Structure formats: structure tokens, C-alpha cells
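A.B. asks: Coordinates for the following, if possible.
(2 chains)
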Amino acid sequence: MVREIYTSKLEELAEKIWKEFGVSVWFAEIIGKRWSYVAGSVSSEILPSLRFKINENLGLVIECDSEELATKIFNYVKSILNNDVL
Amino acid sequence: MWVESINVAKKWMEDRLKGDDGFSKYMDNKKSFIDEKKIWKCLKENRDPSPSKIRSIMDEVLQNKDCISLEDCAAILNVKNEDLWKEIFHTASIVKKQVYDNRIVTFAPLYCSNYCVNNCLYCAFRRENSVEIRRRLTLDEVKKEAEILAKMGHKRLITSYGEHPLSDVNYIANTLKAIYSVRVKGKRGGRGEIRRVNVNAAPMTVEELEILRDVGIGTFQVFQETYHMKTYSEVHPPDTIKGNYFWRLYCMHRALEAGVDDVGIGVLLGLFDWRFEVLALLSHALELEEKFGIGPHTVSFPRLRPAANTPFVQNSAYKVSDEDFMKFIATVRIAIPYTGMILTAREPEHIRRRVIHLGVTQTDFGSKIGIGSYRESYNEQEAEKQQFILGDTRELDEGVRWLAEMGYIVSFCTAGYRCGRTGIRIMKLLKTGKEKIFCKLNAILTYKEYLEDFASDETREIGTKILSREIEEVKKLVPERTFEKLMEYLSRIEDGERDIYF
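C.D. replies: Predicted structure coming up:
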């Protein structure tokens, strides 16, 4: 399960994104309609968020309303996550 | 044929109780988290609490939004002074507002099957109740029922099933798929659909719960009915699956292990001492938080209601009075501040009016609980097809208007579980008071959809005023760009887009 194996790695990545971009992100396991929180930010600035599917099982939620910045972060996440995660 | 089906059900029941017991592995030193001795001790040792002690407990809850201790909860339950209870009621209403604001989520029940292998004394579905007319809806019938509910404007259902091989996990999963496939046109325009299906069913194995998780279950709801073991064994005969107290007690552990991270617990008030049940519910919440970091998504507290050919209901020695019902709700609200609290249409209008302010977060309208009743007998209750008799059968539109008249905004929000606001994230947001702002934003958006697509002229008129007030309030609570986004979303809804959320 994504939840068990990759949690700490995803936590680190969320932290790294916060430091680099100043944006909160969290990861969710996608199970049908459900996006179950796995790792990342647990607080919120009450900003709009954008959702991205990293793959069929893993989703990324970015608390930011700029599609440009969110896409940049999404691509950054994809480049960092190695094949083990993807 | 009948004898054959009884034998099939019996074999199914025996098979389910074989193998891994489903609870021992979660116990600490083979002990359950319900410690009856401790509960009674807490109630005994915290008698006659001083008003200052009670006020200090309430102050702490208002600060932290964390569960209180069993000892502090017992102290509240032991308050005798009615003026102090008024303060407790007031605090409960503030806690609710701090965590969920003034929104009330609505839903409707959808009973799919009343075949049951169990024999619970208080339930009209019990297997030996010969007057109950048995029926299981076909998937096409489930879909037709859901279409009627979607046409009313409902977005959230709770489906319910007796425990029986005819309504096993595969049938339940298929009913969820059938419901999620529904699309209807709104009365005024737009579209109707069911976006979240919660399930009230018998306890299941981890593997079965994974099947429900995969088809998009919302909350998995199982009530212990009573946490008092002796009473439990008296009302649930031992030769039934439900007679296994621990199998039921640990079903939420299995659900959380399966990745269903919204779980709903509850008690059936009227089976045993309500004060004991409050402390047991709190014990359950504390246990889930400790083991999984996630407390109960909701707590339900139905009171026993009359049911066809079910004399136990009239004879119960533990019936809960209206006054005690208020105390129960307020105490649970304070004891488990973050949890959703569900008040159902079992209760008549005048009771709902009295208690809704004490911390209720969800309620149902337009409810029918007979099997196939939405399509076939909408205007009447039929005891022989129902589990019990409802106390309030008002339509959804009337309910939305009634709540608006009391200052509440109805929320049809189903966003949380679709965007990762689950698990420890939702717990943190609830405890820090941030979730209520998401609740408010999404309540505004879904209320707007309801007014655009389904509301009567009368409801639309008062609803529009509520909406304007909510928009003004939220403007003060969120960053400017979030508010701008809200206004953009509202405009997109006016243009016909649906299901937009924060």
C-alpha cells in the first residue's frame, strides 16, 4: 500500500516543497472516489487548492490558486519521485 | 423454499463466525477498551461536581477542541443543578459553532433490504418477526429510489441493509455503484446526483470493507446499540452474528485498517443507562484516536421508536426522556468536540427544534424507511415494511426552509473525502477550527446549487437571504483571493456548472 510504504518519503517531499515554494501540499491515496490523506501538510491557510493525479493511486493536492505555480510544483514532484513511488 | 432459504442463511451465518475472530489482535492484553468497572467508578467518584469544576472543563474544551477525560465527562453527567445544565447547553452550542459553524448537513436514508439473520428484540427486521414483509430491492429499483432522492435535491444518502446473504458485501457494493450512476435534471435546471453514499450495515471483515472502500463508500456506520455487555447479550440472542459483542465492537478498527477512514459510531438510546453509554462512546472515540489517530467521523444517538410487532420498545426500563436526551446530546458534543452528530427524523419536529441547537451537525429530511417506499408509497408510513416509525416526515424543501428560519444554512457538501480532507488532516483542521471555514465555503456553494436547481419559490426567497449573509460572514474569515475564488465559483454555478468545491 502507498500509505504504508511511502509515507515518510512523501512527508519529506511536502516539507521540501514548503521550503522551496512556500506552498502547502498533501498527498492522498486515490481509492475510487475517495482521496484519503496519506502525508503532507495538516494545516491550512484556507486557500483554494488544485488537485493532480500523480498516477492511478496517488494524488497531490496543492493549496494554491495559480495554475501556473501549481503545475510547476506538480512537475517538480513528478521529477523527484522515483520509479519506486510512481 | 422458505426452509431452504433459512438453512442457507444459517450456513452463511455459521461461516461468518469461523476463523480469525476479527477483534483479538486489536485488544491490549486481551482486554477490551470498554472498561465497565472504570466507567462505573468514574460515575461514582465524580458525583456532586462543583459548578467551578464544570465551568473549568467547559473552558478547556472551548480552548482545545480535544476529547475530555472520562472523569471530566462523568462529572458533567452528574450535574444535578438545572441552571448549570443551561450553561452546559450553551457551551455545547458554542462548541458546535466553533467546529462546524452554523451549517447543518442533510441526507436521506435508503433502505435496500430487510432480510436479516439476527433476532434483536427491539428491531422489526428481526428474523422471527413474522409480520414484517421481506424484500430486497433489485439494483434497478435501488437506482429508481436514488433518482427520486436526487430529484428532491439530495446529494448524500445513507443506505441500510439487514444482515443476510441476500444483502452481503457484493450486493452492498453494487447498490453503491447503482446509486453513483444516477443523473437527473433539477426541477429548475442544473442536475441532480448522489455524491456521497454512507453505509449503515453489519460489521464486516477487513477484506469486505476494502471492497466498499474501492466502490467509494463515504462513512461506514455501525452502532454498538449498547456498550453494556450484559444488556447487549440480553437483547441480541447468542445464536446470532449480532450476539457477538466484540465482533461488533471492533468493526471500526477493521474499517480503519481497510482504509475506510470515515467511521460512524452510535448507540440506541433506551436499551441501557444513557450516562453509561456516553462514557462508552467517549471510550470508543479515545481508543480510535489512540490506535489510528482518527476519531469517529460521526456519532449517532437514535432513541427507541415504536416498531411493528415489537413489544420490547414499549416495555424498556431505560427509555430516555426529552430532558435527558438534551443532556445526552450536549454532553457528547462537549466530550468529543470534533465529531459530527446525527439527529434523525425518528424524532418529531418539536424535539428536533429543541435539540438541534445543542450540537447537531447532520439531519435528514424527506425520509422514507420502507423498502421501496420512495417510489411506491411516498405519502404514508407502512409499519410492516419499516424498521420503526418515523417522527418527522417533512420534505427536504420544507426542512431547508425550516432551518433557514432558525438561521442555519443547509450544506450538501460532499467535498472532504474527495480531496484528502480525511484522516489526521481532517482531525487537525477540526481541532484548530479551520474545517468550519471549509464547511462554510462549501455550504455556500452547495446551497447555491440547491436554490438554483430544486428549491420552491418560498425556500428560494429565504435561502437567498441566508446565502447573502453567509457570503458577508465568510468574507471576513478568508484571505482575499479565497473570497475572489468563491465569487468566481458562484458565478460559474449560475452559469450552469456543478459540483465545484474547496
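
A.B. asks: Per-residue pLDDT of residue 74, please?
C.D. replies: Let's take chain A. We have a pLDDT of 96 for residue A:74.

A.B. asks: Let me rephrase: I mean chain B.
C.D. replies: On pLDDT, residue B:74 comes in at 98.

A.B. asks: now do residue B:17
C.D. replies: Reported pLDDT for residue B:17: 76.

A.B. asks: ditto for the one 10 residues further on
C.D. replies: In this prediction, residue B:27 carries a pLDDT score of 97.

A.B. asks: Now the phi/psi pair for it, please.
C.D. replies: phi -80, psi 150 (degrees, to the nearest 10).

A.B. asks: Any idea how many residues pack against it?
C.D. replies: 14 (other Cβ atoms under 10 Å in any protein chain shown). Any C-beta I mention is one placed from the backbone N, CA and C, and that applies to glycine too.

A.B. asks: Kindly report the same for the one 4 residues further on.
C.D. replies: A count of nearby residues for residue B:31, using other Cβ under 10 Å, gives 8.

A.B. asks: How about residue B:232?
C.D. replies: Neighbours around residue B:232, by other Cβ under 10 Å: 20.

A.B. asks: got the contact list for it?
C.D. replies: Listed by Cβ atoms under 8 Å, 6 or more residues apart in numbering or on different chains, the contact set of residue B:232 reads B:224, B:225, B:226, B:245.

A.B. asks: and chain A, which of its residues are near chain B?
C.D. replies: A:1, A:3, A:26-29, A:31-38, A:41-49, A:51, A:59, A:61, A:65 (Cβ under 8 Å from any Cβ of the partner chain).

A.B. asks: Please name the residues that touch residue 40.
C.D. replies: All of this refers to chain A. So residue A:40 contacts A:10, A:11, A:13, A:14, A:24, A:25, A:26, A:27, A:61 (Cβ under 8 Å, 6+ apart).

A.B. asks: nope, chain B please
C.D. replies: So residue B:40 contacts residue B:276 (Cβ under 8 Å, 6+ apart).

A.B. asks: what secondary structure does it sit in?
C.D. replies: Using DSSP: H, G, I helix; E, B strand; the rest coil, the structure places residue B:40 in helix.

A.B. asks: Which per-residue confidence value corresponds to it?
C.D. replies: pLDDT at residue B:40 comes out at 98.

A.B. asks: hmm, which of the contacts of residue A:40 are the buried ones?
C.D. replies: A:10, A:11, A:13, A:14, A:24, A:25, A:26, A:27, A:61 (16 or more other Cβ atoms under 10 Å in any protein chain shown).

A.B. asks: Out of the residues you listed, name the ones that lie in strands.
C.D. replies: A:25, A:26, A:27, A:61 (DSSP state E).

A.B. asks: I'd like the residues you listed laid out as JSON lines, including pLDDT and distance to residue B:480.
C.D. replies: Formatted as JSON lines, these follow (pLDDT from 0 to 100; distance: Cβ to Cβ, whole Å):
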{"residue": "A:25", "pLDDT": "96", "distance to residue B:480": "22"}
{"residue": "A:26", "pLDDT": "96", "distance to residue B:480": "23"}
{"residue": "A:27", "pLDDT": "95", "distance to residue B:480": "28"}
{"residue": "A:61", "pLDDT": "96", "distance to residue B:480": "21"}
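
A.B. asks: How about the residue of chain A most remote from its centre, nearest residue that isn't a chain neighbour?
C.D. replies: Distance from the centre of chain A peaks at residue A:32, with 17.6 Å (Cα atoms, centre = their mean). Excluding its sequence neighbours, the residue lying closest to residue A:32 (Cβ to Cβ, 6 or more residues apart in numbering or on different chains) is residue B:216, at 4.1 Å.

A.B. asks: just checking, that neighbour touches residue A:33?
C.D. replies: Yes - between residue B:216 and residue A:33 there is a contact under Cβ atoms under 8 Å: 3.6 Å.

A.B. asks: shared neighbours, those two?
C.D. replies: What both residue B:216 and residue A:33 touch, as defined by Cβ under 8 Å, 6+ apart, is the set residue B:180.
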